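Trainee: after the sequence you'll find the predicted model.
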Amino acid sequence: MEIEKVGVIGAGQMGNGIAHVMALAGYDVMMTDISQDALDKAVALIGKNLDRQVSREKIAQADRDAAMSRISTTLTLTDLGQTDLVIEAATERETVKDQIFRELLPALKPDTILTSNTSSISITRLASRTDRPEKFMGFHFMNPVPVMKLVELIRGIATDEPTYKACLNVVERLGKTAASAEDFPAFIVNRVLVPMINEAVYTLYEGVGNVRSIDEAMKLGANHPMGPLELADFIGLDTCLAIMNVLHDGLADTKYRPCPLLTKYVEAGWLGRKTGRGFYDYRGETPVPTR
């Protein structure tokens, strides 16, 4: 099918990034959230990020203006019913995603493709609770969406070939690269990445090194652009914990047990950059390690 209208559920870090790249690629985008304030902030941030691309001569001013004109917002989830492709980018909680799909499904066109930006939850299981498992798949963008070139495409057991090809065509139109992943917990990127972060937290928990030494060791010793604890703060410690729980529950292997220190930080509400504190404290002029 030809995809021209895209619905994005969630105006947070991932949702606004997805709306940004979709609009820039020429798609008409309708973004929804439960908060008007979140929608207003998302549109403002998209404008700011597009302005940065103009200033760096990545895009022309006309492209920026055209992209902004293609983005609309709504507080009513069912307004997305006439879109050709829906990308759910809400919180990484399965119960929330199920509730969203239940409300949205009666409003969708029969041929609308429904996808989730989940970074770890079973696509087959999510699809089985919808009326279109053959037109459901995982569409996992990397953060920050406008910068990162990879998109993981994950087929559930029932996903048909036309749905996969339609999503692959979207990725190509965005100028990104698709990696096809099997529907196993955390797929490819997070199956490798988040256990590494969890091990870095264990290294901190056991006193092998402090926050700064662990991050510097991996940046200078393994040529990583960000240290694992800095990266965890960027991703969100609640998201890291959720992915580790999915891995631990789904694979039943003790090597995926979330570090107790990671759990403690999440319980404290220290979720990283988005809350101002995580493994670093971001409330001052420069980030300061919290341990």
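Mentor: Perfect, I can see it now.

Trainee: going by C-alpha atoms from here, please, whenever you check contacts or count neighbours.
Mentor: Fine.

Trainee: how about the longest helix seen in the chain: buried residues?
Mentor: Using DSSP state H, we find that the single longest helix of the chain is helix 36-55. The neighbour-count check on helix 36-55 (16 or more other C-alpha atoms under 10 Å) flags 38-39, 42-43, 45-47, 49-51, 53-54 as buried.

Trainee: what's the farthest-apart pair in the residues you listed?
Mentor: Farthest apart among those by C-alpha to C-alpha are Ala38 and Val54. That separation is 24.3 Å.

Trainee: got the contact list for Glu2?
Mentor: The neighbourhood of Glu2, defined by C-alpha atoms under 8 Å, 6 or more residues apart in numbering, consists of 84, 166.

Trainee: and stretch 269-281, how far apart are its ends?
Mentor: Stretch 269-281 stretches 12 Å from its first residue to its last (C-alpha to C-alpha, to the nearest Å).

Trainee: which residues belonging to that stretch are considered buried?
Mentor: Buried residues in stretch 269-281 (16+ other C-alpha under 10 Å): 270-273, 276-281.

Trainee: and the contacts of the helix or strand following the longest helix of the chain?
Mentor: Of the helices and strands lying after helix 36-55 in sequence (DSSP states H and E), the nearest is helix 61-69. With contact meaning C-alpha under 8 Å, 6+ apart, helix 61-69 is reached by 20, 23-26, 47, 50-51, 54.

Trainee: now swap in stretch 183-196 and tell me
Mentor: 119-124, 152, 154-157, 181, 228, 240, 243-244, 246-247, 250-251, 256.

Trainee: how about the strands in this protein?
Mentor: 5-9, 28-32, 71-74, 85-88, 113-116, 136-141, 150-155, 177-181, 280-281, 288-289 (DSSP state E).

Trainee: quick revisit: now the contacts of stretch 183-196: which count as buried?
Mentor: 119-124, 152, 154-157, 181, 228, 240, 243-244, 246-247, 250, 256.

Trainee: who's in contact with Val201?
Mentor: Residues counted as contacts of Val201 (C-alpha under 8 Å, 6+ apart) are 229, 259, 261-262.

Trainee: what's the neighbour count on Thr290?
Mentor: 13 (other C-alpha atoms under 10 Å).

Trainee: from Ile9, how far off is it?
Mentor: Thr290 is 34 Å from Ile9, by C-alpha to C-alpha.

Trainee: who does the longest helix of the chain touch, helix- and strand-wise?
Mentor: Using 3 or more C-alpha pairs under 8 Å, 6 or more residues apart in numbering; DSSP states H and E, the elements in contact with helix 36-55 are helix 13-24, helix 61-69.

Trainee: okay, those, which one's buried deepest?
Mentor: helix 13-24 (a mean of 25; mean count of other C-alpha atoms under 10 Å).

Trainee: put the alpha carbons of it into PDB.
Mentor: C-alpha atoms of helix 13-24 as PDB (Å, rounded to 0.1, in the frame of the first residue of the first chain):
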ATOM      1  CA  GLN A  13      11.600  12.200  23.100                       C
ATOM      2  CA  MET A  14      11.000   9.400  20.600                       C
ATOM      3  CA  GLY A  15       7.600  10.500  19.300                       C
ATOM      4  CA  ASN A  16       8.700  14.100  18.400                       C
ATOM      5  CA  GLY A  17      11.800  12.700  16.800                       C
ATOM      6  CA  ILE A  18       9.800  10.300  14.600                       C
ATOM      7  CA  ALA A  19       7.400  13.100  13.700                       C
ATOM      8  CA  HIS A  20      10.400  15.300  12.800                       C
ATOM      9  CA  VAL A  21      11.900  12.800  10.300                       C
ATOM     10  CA  MET A  22       8.600  11.700   8.900                       C
ATOM     11  CA  ALA A  23       7.500  15.300   8.100                       C
ATOM     12  CA  LEU A  24      11.000  16.100   6.600                       C
END
